[in-house]
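Trainee: pasting the sequence and the predicted model now:
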Amino acid sequence: MKIITGKEFITTQCGELLSDESRFSLGVPEQVCFPETLEDIRNIVFQAKLQGIPLSLIGGKTGITGGSVPIDDCIAISFSEMSAIKYVLPLPDGSPMLVCEPGISLNTIDIFCQNPTKWPTKVQGIERLLHKAYIYTPDPTEMSAQLGGTVATNASGARSYKYGSTRGFIEELSLVFSTGDTMTLRRGTNIEKNGLFTFTTDQGNNYSIKKPEYKFFELKNASGYFSDKNMDLIDLFIGSEGTLAIFYSIGIRLIPKPTIVSGLSFFPDSQSAFAAAAFFRSQPPIAAIEYFDSSALSILENSSDAMSLDLPRIPTGKTAAIYWEFTEENSITFESSIDLWESMLVRFGSSIELTWSGFTENEIQTLKTFRHAVPEAINARIATYKRDYPNIRKISTDSALPPPHFDSIMSQWITIIKQSGIEYAIFGHLGDFHLHINLIPHNQEEFDLAQRIYEQIMFDTVSCGGTISAEHGIGKIKTRYLLKMYGTDAINDMKRIKTQVDEKWLLNRGNLFTSDK
């Protein structure tokens with residue numbers, strides 16, 4: 001196991017581990033460990049427990065909330081060396097479960113699923129994938145994200161509109177607790193009884209935990225510990241942001257790969273695009289509805305050469321776009337629906353002709369590259385300004401709004417942002433009323449103003465019954481807004497669970513909660 005010790009060496013040899021995509025950084029660890037096995041993880045945990053040193057868990061660093069950013073004087077664990085596909089097992093309904101190590105990237109999983117027979121290492125049970133094509137549907141924008149991080153935040157992406165978030169595809173979690181104890185949870189094997197979870201670790205230690213008492217938000221939500229009726233214990237750990245246990249193995253459900261037709265339709269303005277989205281939502285085969293405003297399109301166009309993107313020119317006079325995916329299933333094809341689509345697109349100022357099509361795999365990949373390139377272009381832009389003002393970073397929202405409030409509140413926010421003069425770009429999951437507002441400050445003064453605008457957005461979100469994080473989690477940046485969203489009693493309920501599972505609060509200290517226990 002590779003270990004780097006000493007703050008000076010850590011800063012020079014692996015300084016990239018000290019911040020995430022938000023460009024937020026916090027502290028420097030005393031030690032960074034790169035485990036390769038379960039025993040490596042347990043040895044690290046035993047050391048931390050013995051010395052009382054907190055542990056920070058680092059994934060792919062694709063988050064924007066500081067969740068994987070280490071705190072000062074901790075032991076940091078990077079999972080980059082634990083990226084293997086272990087084996088394939090059948091689930092009770094016959095679906096394949098792919099068991100992976102936490103450091104594997106979503107892109108690697110996708111490549112494996114495309115052609116498992118060409119995988120360079122032996123995967124036990126691979127014969128279960130040879131008779132049809134399969135996919136893992138959760139598709140966060142950053143495909144370099146590590147599986148462990150996406151499970152820790154219950155991440156979602158464009159196709160979550162149809163298929164749901166990561167939670168619905170996690171069938172097995174193997175855990176290491178802060179005591180060094182281990183346990184594997186299989187979905188459906190530990191359901192609450194009278195609001196109580198009881199379980200025994202592999203080492204024979206017993207736990208009895210009362211499930212969260214608060215009501216979890218019904219909107220698309222990745223804020224705080226999950227709670228539900230007839231709750232499964234595995235769901236308490238999914239979305240817990242590394243505060244309850246360390247994942248060392250994850251079993252994911254694969255589904256048969258659908259036939260997908262995709263497109264990027266351009267509209268004259270945001271109002272037309274929002275109206276078109278209502279039509280898209282009415283179509284059962286739709287898997288994704290992704291929005292890009294004029295600022296996002298402009299930033300991407302200006303960055304296309306630097307990012308080596310070979311994209312067509314955006315149609316003249318079109319200042320908004322929607323990326324959509326149509327799944328052909330149950331004899332419903334896009335060709336059979338094309339007349340309806342053409343008439344509706346024309347109604348909203350677009351058309352099939354004004355749509356970049358994605359019928360072939362190469363065309364679909366080009367459109368997905370476009371979708372993924374937008375946040376990359378924004379991150380590159382803020383990195384440029386950060387050279388002169390190191391303390392600034394991108395300010396990005398992750399709010400989901402109740403549908404009745406979406407249009408009016410978004411309009412208010414856009415007006416405020418335009419009046420501020422701060423550069424911005426808006427894109428995201430319009431199907432779920434969940435858009436990312438990205439504020440791109442050029443200097444410290446604009447950064448301070450952007451933070452005040454962000455605070456207003458958070459308070460407006462909570463006031464109308466929305467969620468402050470629909471997919472990226474809370475991390476270390478949004479902790480006080482989690483308190484605003486749930487209230488003191490619910491936060492204390494979360495802290496109670498944290499203390500029962502991680503008595504000394506060694507795991508991912510600073511995530512979710514403003515203060516320690």
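Mentor: Good, I have the coordinates.

Trainee: what sits against Ala84?
Mentor: For Ala84, the contact set (Cβ atoms under 8 Å, 6 or more residues apart in numbering) comprises 100-101, 104, 121. C-betas here are computed from N, CA, C, even on glycine.

Trainee: where does the nearest residue to Leu18 once chain neighbours are set aside fall, phi/psi-wise?
Mentor: The spatial neighbour of Leu18 that comes closest, neighbours along the chain excluded (Cβ to Cβ, 6 or more residues apart in numbering), is Ser25 at 5.0 Å. Backbone torsions for Ser25, taken as degrees, to the nearest 10, come to phi -140, psi 160.

Trainee: neighbours of Ser25, how many?
Mentor: Residues lying near Ser25 (other Cβ atoms under 10 Å) number 17.

Trainee: so it bridges to which residues?
Mentor: Ser25 forms beta bridges with Ser19, as assigned by DSSP bridges.

Trainee: spatially central residue in the protein, please.
Mentor: Ala155 (3.1 Å; Cα atoms, centre = their mean).

Trainee: in contact with that one, which residues?
Mentor: Listed by Cβ under 8 Å, 6+ apart, the contact set of Ala155 reads 138, 140, 145, 149, 165-166, 222, 471-473.

Trainee: state the distance from it to Asn379.
Mentor: 17 Å (Cβ to Cβ, to the nearest Å).

Trainee: report the buried members of the contacts of Ala84.
Mentor: 100-101, 104 (16 or more other Cβ atoms under 10 Å).

Trainee: using a markdown table, please lay out those together with secondary structure, distance to Leu340 and pLDDT.
Mentor: Written out in a markdown table, the entries for those read as follows (DSSP: H, G, I helix; E, B strand; the rest coil; distance: Cβ to Cβ, whole Å; pLDDT from 0 to 100):
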| residue | secondary structure | distance to Leu340 | pLDDT |
| --- | --- | --- | --- |
| Cys100 | strand | 41 | 98 |
| Glu101 | coil | 45 | 98 |
| Ile104 | coil | 41 | 97 |
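
Trainee: helices along the stretch 1-150 of the chain, start to end?
Mentor: 7-13, 38-51, 106-114, 147-153 (DSSP state H, counting those that start in this stretch).

Trainee: quick check: Phe279 is in a helix.
Mentor: Yes. Checked against DSSP: H, G, I helix; E, B strand; the rest coil, Phe279 lies within a helix.

Trainee: so which of the helices of the stretch 1-150 of the chain is the most surrounded?
Mentor: helix 147-153 (a mean of 29; mean count of other Cβ atoms under 10 Å).

Trainee: quick revisit: of the helices of the stretch 1-150 of the chain, which is nearest Thr369?
Mentor: helix 106-114 (12.3 Å; Cβ to Cβ).

Trainee: using PDB, write out every CA atom in the closest one.
Mentor: Taking C-alpha atoms only, helix 106-114 is exported to PDB below (Å, rounded to 0.1, in the frame of the first residue of the first chain):
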ATOM      1  CA  LEU A 106     -18.500   5.100 -14.100                       C
ATOM      2  CA  ASN A 107     -16.800   5.400 -17.500                       C
ATOM      3  CA  THR A 108     -14.900   2.100 -16.800                       C
ATOM      4  CA  ILE A 109     -18.200   0.400 -15.900                       C
ATOM      5  CA  ASP A 110     -19.700   1.700 -19.100                       C
ATOM      6  CA  ILE A 111     -16.800   0.400 -21.200                       C
ATOM      7  CA  PHE A 112     -16.900  -3.000 -19.500                       C
ATOM      8  CA  CYS A 113     -20.700  -3.300 -20.200                       C
ATOM      9  CA  GLN A 114     -20.200  -2.400 -23.900                       C
END
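
Trainee: got a list of contacts for it?
Mentor: By Cβ under 8 Å, 6+ apart, the list of residues contacting helix 106-114 reads 83, 85, 98, 100, 119, 129, 133-136, 138-140, 143-147, 150, 252, 254, 257.

Trainee: 10 Å instead, please
Mentor: 60, 62, 83-85, 96, 98, 100, 104-105, 118-119, 123, 126, 129, 133-136, 138-140, 142-147, 149-150, 155, 157, 166, 252, 254, 257, 361 (Cβ atoms under 10 Å, 6 or more residues apart in numbering).

Trainee: and the residues you listed, which of them are buried?
Mentor: 60, 62, 83-85, 96, 98, 100, 104-105, 123, 126, 129, 134-136, 138-140, 142-143, 145-147, 149-150, 155, 157, 166, 252, 254.
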